[in-house]
Each structure stands twice: as C-alpha cells, then as structure tokens.
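> Predicted model follows, preceded by the sequence.
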Amino acid sequence: MRRFALASALFVLAVSGVGACKGDDDAPATSGQAIASNVHVLTSRNDLNRTGANLDEKILTTANVKAPTFARLFSRQVDGQIYAQPLYVGGVNGKNLVFVATEHNSVYAFDADDKRASAPPRWTMNLGTPVPASDTQCSLLGPEVGITSTPVIDVEAKTIWFTSRNKENGQFFHKLHALDIATGEPRPNSPVVITATAPGNGSASVNGIVTFDPLRTMQRPGLLKVGNRIFLGFASLCDIAPYHGWVLGYDATTLAQTHVHITTPNGGEGGIWNGGVGLNADANGDIYYTAGDVYDTSGQSPFNGAGNLGNSVVRLHDNGTSFSVVTTFTPFDTRTFSPQDLSLGNGGGILIPGTNLYVAGDKRGVNFLVDRDNMGGQADQDAQIAQRWQGSTRGVPGGGVYFKQGTGGTYYLWGIGDRLRGYKFNGQTFDLPPAVNTTTLTGYPGGALALSSNGEAAGSSILWAVRGKRTSTGYAASTGAGTLLAFDATDITKQLYSSDESVADMLGNASKFAPPTIANGRVFVGTSSNQLVVYGLLNQPPTSDGGAPATSTDGGAPSTNNGTPNAGVVPTWTELYTQYFGPNTPGHCSGPGGCHTTTRGGFKCGTTKAACFDGLAAAGLLDSANPTQSTLGSDTDSPLSWFNGAMPLDNAVPNPAAAAAVKAWVAAGAHND
C-alpha cells in the first residue's frame, strides 16, 4: 500500500452544530446517516430513503446559480475514474472535506474550500491492485475495476467504509475496508476479504451449497449503514453467468460477517445492481432492494425456481444474525420481460418520505408504486399495487430523485432516450401527465440527478443533472463528454445553468450513473476523466456550517491563499495566474501565439507564470515605472472581457471576481510574487 498524508491532517475530528450518527446496535436507521446540516453528505443519494435530495442547502439558490456568478472553481486530479458519489463532511478541525474513491482502488480526502490549482489532498490511501477489465470479460467498465460503489461515513465513529476489487497473485478478491476519515489510517481488522455461502441448488452450486464468486460478482449499490451494521449488495458485470444477487452484513467495528442473503438460491442471476443507488432502510431498520435480470425461458413454474426473488422488490427484516423476507412484489409479466434484459433493478428505488410507499422502475421505463408493508407478491395486471405507469421511455439507470413538499412532492426522472420529467405526488399516487422539459432529449445513459433546497423556502430548490452528450441510446463503455446542468426544481422547463456555456466551465468526461453531490454551496462532480470537478459561487468565502465563515481549530488562521482571493485581500501573481490567466482558466491567452499583439488588443501570455508576466509587461499592460496605473486593471483600457475588452475571444463572459482581484493586485503594485 502507498499512503500520503499532510502533517496537518493528523488531527482530532471536530463537528460543530451537527447531529452525529449513532454507533450502537439499537440505533434506528434514520439516525444512522440522515443529513444533520447542509455540510454533511454521508451516504449514497443523501439519505436512507435514497431521495437524492439535500434539503439543507442554504447558499445556492435559483437566483445565483447562473453565469457569471456560478462557475467551475477548481478540479482535483486523481488516479482513476470516479464512479462512486463524492461524500462530504463539514467542520473537521475547521476544514470541510470531500471524499473521493476511484477505480484504481484509491480514496482521497480533499479540502473542499481550497481553490488553489495544485492543492494536495489532506490524505490519500491506495488499497492495492484493481482488477483489469480484460479479466472480467465485460467492456462496460474499464480499463480497471476497483472501488465502484459509494462508500458510507459515520461522523461519530470518524470512519469511512467502502469495498474494493483486487487481483493478487492471479486471484480475485472483494474486500471491505474501514479508514479513519481524519488520517486515512486503516481501522483495526481492516480490510476483510468478502466471502459467503448459502444453501441452494442454483447455478454453480456444489452439494447443495452456493458459493460467492469473487470474479463474476460485482458490488455496485452504495453501502448501507444501519446501527452498527454495514450492508452490501451484489450483482454482476455484464450478466456473465454464473452469478447471484447477494446482501451481506458486517459488524461495523469488527468487520465480522453477520448476515448472508441470496436472491436466487435455487436458480440464477437476480443481481442487486440498482444503478449504483444504495440499498434502502426504513425507521425500523428493515432493508429494501430491487433484484434484476432473470433469464429463465423454461416456461416451468415457479419462475426461476422455488424460493427465488429475481426481478422483484424485496423487504428484509433483520433478525440479528439473519434476514427474514417480510413482503415482495414481482411484476405480473416478469416471465415475458425479464429474460429480455428488461427487468427491475436498474435504478434502485425510493422510500417516499412520510408514507408507506416505495417507488421503483424497470428497463422498459415502467414504474411501480407499492405499499411497502404489503407489496402483494404477484397478481394479474399488477392490480394489487398502488400504481403502475410508463414513467420514462427506456428506463432510468441510476434512478430518480424525490423532493418532498408538504404532504406531496415531485418525482424526477431523466431516462435513456428521453426528456427530463417531473411527476407530482398527491399523497397517494403520482399525477399524470408529468411536467416535461421538451428541450432535453438525451441518449444513453440519461441524466444522473440530484436536488438541493433550503427546505421548502421559495427560490431555493434546484434540480441538478450530469448528462452525457451521446445521442445514441445503445449501451456503451463510456458516457463521453458530459455537462453539468441546473434547473428550477419547481419549474423544470427553466434551465438555470449549463457548464457548456463557458469553455472554462466544461466538465470533461462524465461517469455513468454518477450524480453530483451538493453541499454548503459547492457542487462536486466525479468524472471518468480522472478528475473531481468542483463548481460554486465565484465570490463565496469558505464556510463551515450554514454559511458561517470557516474557522480553524488546528492553531492556524484560515487560509486566504485559495486561488480566488477573498474580498479585501490582495492576491499574489501566483494566485491570479493559477485561477485566471494560465491554461484552461477564464482569462487564458496562454501559448506561443497569445491572443493579439497590440497593446489594446491583447498580449502574449506564454505557457508559464513567468512568461505570462513578461508578456503583460511587453504588451504595455503592466507599467513598471508606475505599476498602480497599469492598464491591465483599467475599466476602459484593459483587453480582458472582465473590463469590457474582447479577450479572450472564446470567453467573453463578465467575471466580477476576476476583475476585483486584478484591480486589487494592480493597486497594490502589480508585484511578480
């Protein structure tokens, strides 16, 4: 293993003004990972209902999420693709930290407010060699398979749990890890190798025993923490048989295995994929999952064999060291559609807050609203459930988002080959037809959604999406180039922001089914370009809780050297170049040709900080004899678009923060520091 840590990362965790997670076995699920404030995102899709909503976002609004006040702030290079949702913990020793996991089996903890281009992580830990995609025989995830599912964090335990896939000496392993969130150091007993057996006569069974296959099995749903238990869901990659769906439970402290559940003990397939969405848990600690494809075309009854739960919604009750099945739902036409790879389980499901209802969809785009206390098994035309409707054109990998509003709410879907849709919930069913943004037709894999809002405060509700620019609806290994979008959640026909509006804001390659994380005025997007990209308000100072300025408890003052100078603080030339003048920044004229060569028209910035400073001087934009009168910061003479000029040609966007920073630097003497 390799490890990097800053000396200043060896600190004691401090959490102010937040409700911490419970660590005892008797804690209800809702206390385990619910968001206590807008500075914590601790689990897949924000909560155990998996709504995808952060209802404690007090900084971003429908008024300020727009160009030029909202933009790409910085990015962080990592060593692999990011499929897991970034997680966020605020107030850690005066720092807000964002946690990122990669397919190269690495976990990073970054300062979420440090906007310097080269800011290192607080710590990073690599957990061994990932599995080459060539070994999996599946081309839909590659070139390596390491950490794919979203981890889970407990603030009180100061621990992050996640799984890795490893290849060691020609053998394949899944491992469960637990690390200290402050230092990255492994907890006692970490890691453990994931194994399991279950009685059954299904695929690959031997003498009535089915054994967990570490090569064919894939841990894709986000991890679930309930009390002092960690629960994992498993499916496959590319449906390469033999495989089964599994739910495995572990003691969060000792990492000893406590639970084993298999979806198809006497059949095959039935993977719990969920498009990456975590397993659900209710206030009683009962667990919910959607099992996927079953390819049984035998025509024999029961479908796929006795005791099997493929292509079903399932509620499990935790008996301490085992599960019992409470209730299930299976679509009436499963025998027809499941063998065609049109099954349930491509996007997980949502426990609708304040109700006893659970909603999930299948690959046909059909949605099912079931009573989670009595799902009704299987019945003709699905007449036993609350509602069945065509929710999207071809299904929604990665699932939807639910925004609770009063006694109702809105269920948002953006599926393959479809447009963004919003279904109003009337307290019992979803109203038809939905609201539709007709300009948002997209290909595979649709839009990965998230929502932020300050409760139900007017003007605070924003629906976020990461969508690929592919127009084809066919499955693909990569989403390709992606875009971050923001819509008014109360009227999805109103687009607030697109990262494509400015070259400097562009996202890079998106990761499939990977939603953005919104916390404390920041939007964090993991990409398959091996980068975490961070968006936010250009003039927002670092904050620690509810918009209050961040404070340091490590004996040092809060840093102002963060790329975008704070108001009233004189930036250095290094900061200006890093944030505004160098390659891939809003004011770049970098390269040997520069922009133009006339004093009024532009300058040669060159390819380094020193060359850019010399280019400004050579163009007459910096006056060495009277630096405070340099035309670079003049509202009438500067060539930069921030001062009504025309440079650079590809980014003529007002940038008040940049203008203020340049003016402050010029007024202080335009030093080459």
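It's in.
> Please pull out the lowest mean pLDDT helix or strand from the chain.
In the chain, no helix or strand scores lower on mean pLDDT, DSSP states H and E than helix 29-33, which sits at a mean of 30.
> Following element in sequence after it, please.
Beyond helix 29-33 on the C-terminal side, the first helix or strand identified by DSSP states H and E is strand 40-41.
> What are the contacting residues of that next one?
For strand 40-41, contacts defined as CB atoms under 8 Å, 6 or more residues apart in numbering pick out 18, 35, 54, 85-90, 155, 517-519. Where you see a C-beta, it was placed from the backbone N, CA and C, and this is true even at glycine.
> Okay, Phe418 and Val247: tell me how far apart.
Careful, residue 418 is Asp and not Phe. Separation of Asp418 from Val247 (CB to CB, to the nearest Å): 30 Å.
> same question, Gly292
In this view, Gly292 and Val247 are 14 Å apart by CB to CB.
> More neighbours: which of the two?
Gly292 (28 against 24; other CB atoms under 10 Å).
> Let's test this: what are the backbone torsions at that one?
With angles defined as degrees, to the nearest 10, Gly292 sits at phi -100, psi -140.
> Please identify which helix or strand holds the residue nearest to it when sequence neighbours are not counted.
Nearest residue to Gly292 in three dimensions, chain neighbours excluded: Gly345, at 3.2 Å (CB to CB, 6 or more residues apart in numbering). Assigned by DSSP H and E, Gly345 falls within strand 344-351.
> buried set for that strand?
For strand 344-351, burial by neighbour count (16 or more other CB atoms under 10 Å) applies to Leu344, Gly345, Asn346, Gly347, Gly348, Gly349, Ile350, Leu351.
> Quick check, the third one in contact with Gly292.
Yes. With contact defined as CB atoms under 8 Å, Asn346 and Gly292 form a contacting pair (6.9 Å).
> shared neighbours, these two?
Common neighbours of Asn346 and Gly292 (CB under 8 Å, 6+ apart) are Trp273.
> that older thread, which strands and helices lie in contact with the following helix or strand past the strand holding Gly345?
Following strand 344-351 in sequence order, the next helix or strand is strand 357-362 (DSSP H and E). Other elements packing on strand 357-362 under the criterion 3 or more CB pairs under 8 Å, 6 or more residues apart in numbering; DSSP states H and E are strand 344-351, strand 366-371.
> Name every strand pairing with strand 357-362 and say which way it goes.
If you go by DSSP bridges, strand 357-362 pairs up with strand 344-351 (antiparallel), strand 366-371 (antiparallel).
> Adding mean pLDDT, write those strands out as CSV.
Below are the strands paired with strand 357-362 laid out as CSV (pLDDT from 0 to 100):
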stretch, mean pLDDT
strand 344-351, 93
strand 366-371, 98
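> if we can go back for a sec, for Thr336, find the nearest of the helices and strands packed on strand 357-362.
With CB to CB as the measure, strand 366-371 is the member of these nearest Thr336 (12.2 Å).
> Quick check: next helix or strand after the closest one?
Heading C-terminal from strand 366-371 (DSSP H and E), you reach strand 387-390.
> Tell me how far that following strand lies from the chain's centre.
Taking CA atoms, centre = their mean, to the nearest Å, one finds the center of strand 387-390 at 28 Å from the center of the full chain.
> what angle sits between whichever helix or strand comes after it and strand 344-351?
Going down the chain from strand 387-390, the next helix or strand is strand 401-405, by DSSP H and E. Relative orientation of strand 401-405 and strand 344-351, computed by axes from the mean of the first three to the mean of the last three CA atoms, to 10 degrees: 20 degrees.
> contact partners of strand 401-405?
Residues outside strand 401-405 that contact it (CB under 8 Å, 6+ apart): 45, 49, 51-53, 55, 350, 352-354, 359, 409-412, 425, 449-451, 453, 456, 461, 463, 489.
> The residue nearest to Thr290 when sequence neighbours are not counted and Arg216, how far apart?
Nearest non-adjacent residue to Thr290, counting by CB to CB, 6+ apart: Gly345, 4.2 Å away. According to CB to CB, Gly345 and Arg216 sit 17 Å apart.
> So for this protein, the centremost residue is which one?
Nearest to the geometric centre of the chain sits Gln85, at 2.7 Å (CA atoms, centre = their mean).
> Does it touch Ala519 like I think?
No. Gln85 is beyond contact range of Ala519, at 11.4 Å (criterion: CB under 8 Å).
> now the strands: where do they sit in the stretch 451-600 of the chain?
Taking DSSP state E, counting those that start in this stretch to define them, one finds strands in the stretch 451-600 of the chain at 462-468, 481-488, 491-498, 508-509, 517-519, 522-526, 531-537, 543-545, 548-549.
> And those: which comes nearest Val226?
Shortest separation from Val226 across the strands of the stretch 451-600 of the chain is recorded for strand 517-519, at 21.5 Å, computed as CB to CB.
> Which other helices and strands does the closest one contact?
Using 3+ CB pairs under 8 Å, 6+ apart as the test, strand 517-519 ends up in contact with strand 40-41, strand 87-92, strand 95-101, strand 447-452, strand 522-526.
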